[in-house]
Structures are given as C-alpha cells and as structure tokens.
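Novice: Prediction below, plus the sequence it came from.
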Amino acid sequence: MNPARASVGHYPAERVAQSISWREVATGGERFSILFRSAGNLSQRLKIDGGTPAFPDGPPAWPVADASILSSVNDALTSGQWGLYEGALLTQTRAALQQMWRLEHALLCCSGTVAVELALRGCGVKAGDEVILAAYDFPGNFRAIEAIGARPVLVDVLPNRWTMDPAQVSIALSASTSANISAVLVSHLHGEIADINSIAAIARDAGVKVVEDLCQAPGAMLGGRMLGTFGDVVSLSFGGSKPLSAGRGGALLCNDQGILQRAKIFAHRGNDAFPFSQIQAALLLPQLANLENANRRRLAAARKMIAALAALTQLSGLEEADVSGGLLPSFYKLPIRVGEDAPFSRTDFLAVIQAEGVALAEGFRGFVKRSNRRCRRVGDLGHARAAAAATMVLHHPVLLCEDRQIERLIETLGRAEKYLIS
Ligand SMILES: Cc1ncc(COP(=O)(O)O)c(C=O)c1O
C-alpha cells in the first residue's frame, strides 16, 4: 500500500502526504521509512506545530488538600485553635520537626527566606562579615546575607552540577582574604544533594558555621541520615509551591542553644515579627507524616525521567549516581539542561514544551553578573555561569502522577527535542 494514501490516527492521508518535505521525498530508497516516521509524529503533533497539547489541562495542581489535611484544618477551625498565637498545633509541629530531624530545637517562622536569614543570624553572622555562597543559588539567599549587612563570597558549583564545589570552599577559606568569613550557606538544590560531608569538614576545620538550606529538599537523606543535620543549622520552607506546604512558612532546626537564642532574639521583638500560625501548623502536620513516602514516590518518577533524559542527545539531567546508593533525594524541582552545542536555545525549548502544558521553567539566574560592590568572587565561576545559562527545572507535582503521565511527559520531551532538531 502506498503509505501516502493511508490515514494515520485521525489525520487524513492528504495531510500526511503534505507533511513530507522535499528533502525527504528526494531521499529515494529511504522514502518509505521516513514517511512512516513522519506519519507517526504527525498523529501527535506538538501544539506549536498545530497539534493538541500533551497535557491540555496544564500541569497538575499544587498544593493538594487531601482528606488528612482537610480534617486537620477542620479540627483547628472547630476547636478555635486557629485563633491562638501560640498553642498545641505549633507545639506539635515543632516537636514533629525536631523528631524527624533528630535535632533539639525548632523555630517556626513565616518563610524559607526568613529562615535562612535567621539561621545566619543564629550563627552569629553580623554586619561586615562575609558568607560563602554558591554562585548558582536561590536569589533570596544572596539577599539574606545582604540583609544582615554581610557580603556574599561567591564560589563555583561542581562541573555540570548545581551545588557548591567543596574545593572552592577550601580555597576561599584558606586564602589570605578569609578573615571575615563567618559562615558557609549551602543549598541542596534541584534534587541534587550537595557534598555536605566535605563542606562541613572544611568549614569545621576553619572554625566557620554551616547553614544548610533545605528549602528545596525537605526529608532528603544521605547515608540514612537526614540532610540538614550535617551543618550547624538547617532552614526549611513551607511555601505554597513546596513539597511540604502551608501556603507560606518556614523553620530552622539546630542542636546549638546559642544559635536558637540569637535567631529568637532577632525574630522576637516584643512580638513575633515573622510568625507561623496555628492554622498553618494544622495544614502542615499531616504532610510531615507522609513526607518520606511522598519523597520515595517522587524519586521513582524522577529516576524514570533521569533514565529517559540520558537517552536524549541535546538534553541532560541528574545522573543515576545522584539518586541511588543510599541517597534519598527530595525533589522540589527536577533539573534538565540544554546541551551547550544544542541546535536550539533554552528559550525555544521552553516555548515548545510549555505549550504542551508542562511546568518546565528557567532555573536560577545565578550571581555571576552581580557587581563587585555587592560580593567577592573566588575563581572564574564558569560552572555556575553555565548552570545559569542552561538549566531548566521541572516543577515537582507531576512526579506524584501516575506512570502513564510520566511516560507521556518523557515522550513529550523527546518529541520537543526532535522537533527542534529537525
Ligand atoms: C533554595 C531555596 N532557599 C530558600 C527559599 C525560600 O523559601 P520561601 O519561598 O519559603 O521564602 C527557596 C524558595 O524557593 C529556595 O528554593
């Protein structure tokens, strides 16, 4: 049968035939196989190419109020607990966090951004100090350092990665210019677990504190130990988009009474200046109980994505080694990079894939372009520059979807790549 006369999916044969470019027609012997491939693609044309989007309803909603959250909030409403500034729900939340992280102290606050600042203040960072920060990180972390009157010292991330390079931390701390450095702020980002063992050891030797920013990785584990317990203090976010969500909110956890006290003194000004409320606690508590289970489910989906990305030619992501071997990552965002030599730009790829209803967006812009007035640099920061230029991040809710949604997503990424290459 002449393939050009066949109907493919719901596309009539005429449209199949029209889709064959003159180049394909001209390839003679290869013609039929090309025609079939072209016809196969046609049945699932991308939105940008006149087709229907893979996810017509857009990305899955987040946060989702399941029965346990509804019941917890209902209890808080009917008991009147929601109106208290301080009460059982806040006490339970602090206790649950302390128990999960096996850390002695918990301070709840209004956001992860504030939790990072309070953690730095708790570590004794003061105006005129310097804080080591990866040159690819959440913008608010740069500002949290500045808010104290301290100055970021930018170090590079690992090659092709998103987290701080311990060797660069070592260089920063052993340089003659290190006298004012009083802390290292290290984020576990995009499902990648920073080399926190090395960073904490280097910082400890130099007598500087380590703040672990776990806003993107709540519940992640390294060697069976909760991330956030390797440094001196850990900051968490309960923002609306986060895997653990109270709409807004944050916390810091630590063992050191001094860190807690300094953070509290700053936060409590005759009143709690950055409060977390009882109703937020009611939202959060049921999610804490389910966090490890949800992280394991997200990981299973992420591993499928990672394996599929490895088979694509122009896109790359985390490596299998980053998510196996006793690690339990926690995915707030799953990173995908556009290859340096890709024949399309990140902007083009995002336009195609976002039209499909996929929540993929640019990663952080990083701090490489920040002025020298605002920060100090260690080395050329080339890997952070590359990360800022090439990173896209997939929002986590899809990772809790059924397998067929993940498969559709993988297939859509592949089609988008193919479309942009051809
Ligand atoms: C690494 C990191 N730190 C801190 C924050 C701040 O958290 P929040 O939005 O709760 O202020 C975020 C938020 O996305 C983040 O990604």
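Specialist: Here it is on my side, so go on. Residues are numbered from 1 along each chain as shown.
Novice: Now do A282 against W62, distance only.
Specialist: Going from A282 to W62 by CB to CB, to the nearest Å gives 18 Å. Just so you know, the C-beta spots here come from the backbone N, C-alpha and C atoms, and that holds for glycine as well.
Novice: actually E104, sorry about that
Specialist: Taken as CB to CB, the span from E104 to W62 is 32 Å.
Novice: So which bits of the stretch 151-300 of the chain are right by the ligand?
Specialist: S187, L189, D213, C215, Q216, S237, G239, G250 (CB under 6 Å from any ligand atom).
Novice: could you redo the last one with a cut-off of 8 Å?
Specialist: Contact residues (CB under 8 Å from any ligand atom) of the stretch 151-300 of the chain with the ligand: 187-189, 213, 215-216, 235, 237-239, 241-242, 248-250.
Novice: so where's the chain shaky on pLDDT?
Specialist: Along the chain, the model assigns pLDDT under 70 to residues 1-43.
Novice: Domain map for it?
Specialist: Taking automatic domain parsing as the criterion, the chain consists of the domains 1-43, 53-62+291-421, 67-288.
Novice: from these, which stretch is densest packed?
Specialist: Neighbour counts (mean count of other CB atoms under 10 Å) averaged over each of the domains of the chain peak at domain 67-288, with a mean of 21.
Novice: now the strands for the stretch 1-150 of the chain?
Specialist: Remark: strands assigned in the stretch 1-150 of the chain by DSSP state E, counting those that start in this stretch are 105-109, 130-134.
Novice: now swap in the stretch 251-400 of the chain and tell me
Specialist: Ranges of strands in the stretch 251-400 of the chain, per DSSP E, counting those that start in this stretch, are 315-317, 327-328, 333-338, 360-362, 376-377, 391-395.
Novice: Distance from the chain centre to the longest one, please.
Specialist: Put plainly, it is strand 333-338. Relative to its chain's centre, strand 333-338 lies at 9 Å (CA atoms, centre = their mean, to the nearest Å).
Novice: so what's the closest residue to the ligand within the chain up against?
Specialist: Distances between the chain and the ligand by CB to the nearest ligand atom are smallest at G112, namely 2.5 Å. G112 is in contact with G140, D213, C215, S235, L236, S237, F238, G239, K242, G250, counting by CB atoms under 8 Å, 6 or more residues apart in numbering.
Novice: Just those residues: which are in strands?
Specialist: With strands defined by DSSP state E, the entries of the contacts of G112 inside them are D213, S235, L236, S237, G250.
Novice: With adjacent residues omitted, what lies nearest to the first one?
Specialist: Okay, so that is D213. Leaving out its chain neighbours, the residue that sits closest to D213 by CB to CB, 6 or more residues apart in numbering is S187, at 4.0 Å.
Novice: Same question for the second one.
Specialist: Once flanking residues are discounted, S235 sits nearest to A115: 3.8 Å by CB to CB, 6+ apart.
Novice: now the third one
Specialist: Excluding its sequence neighbours, the residue lying closest to L236 (CB to CB, 6+ apart) is A251, at 4.6 Å.
Novice: The stretch 51-200 of the chain: helices as residue ranges?
Specialist: Listed in chain order, the helices found in the stretch 51-200 of the chain under DSSP state H, counting those that start in this stretch are 67-79, 88-101, 112-122, 139-147, 166-174, 196-206.
Novice: what does the stretch 201-350 of the chain give?
Specialist: For the stretch 201-350 of the chain, the helices defined by DSSP H, counting those that start in this stretch cover 257-267, 278-310, 346-355.
Novice: Could you dump those into a markdown table with distance to L318 added?
Specialist: Shown next, in a markdown table, are these (distance: least, CB to CB, whole Å):
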| stretch | distance to L318 |
| --- | --- |
| helix 257-267 | 32 |
| helix 278-310 | 5 |
| helix 346-355 | 17 |
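Novice: Go through those and name the closest to A220.
Specialist: helix 278-310 (7.0 Å; CB to CB).
Novice: helices or strands up against that closest one?
Specialist: If you count contacts as 3 or more CB pairs under 8 Å, 6 or more residues apart in numbering; DSSP states H and E, helix 278-310 packs onto helix 67-79, helix 88-101, strand 315-317, strand 327-328, strand 333-338, helix 403-421.
Novice: Report the contact partners of G124.
Specialist: The contact partners of G124, taken as CB under 8 Å, 6+ apart, are S182, A183, K209, G258, R262.
Novice: who does the nearest residue to I132 once chain neighbours are set aside bridge with?
Specialist: In space, I132 comes closest to V184 once its chain neighbours are excluded; the distance is 4.3 Å by CB to CB, 6+ apart. On the basis of DSSP bridges, V184 is bridged to I132, V210.
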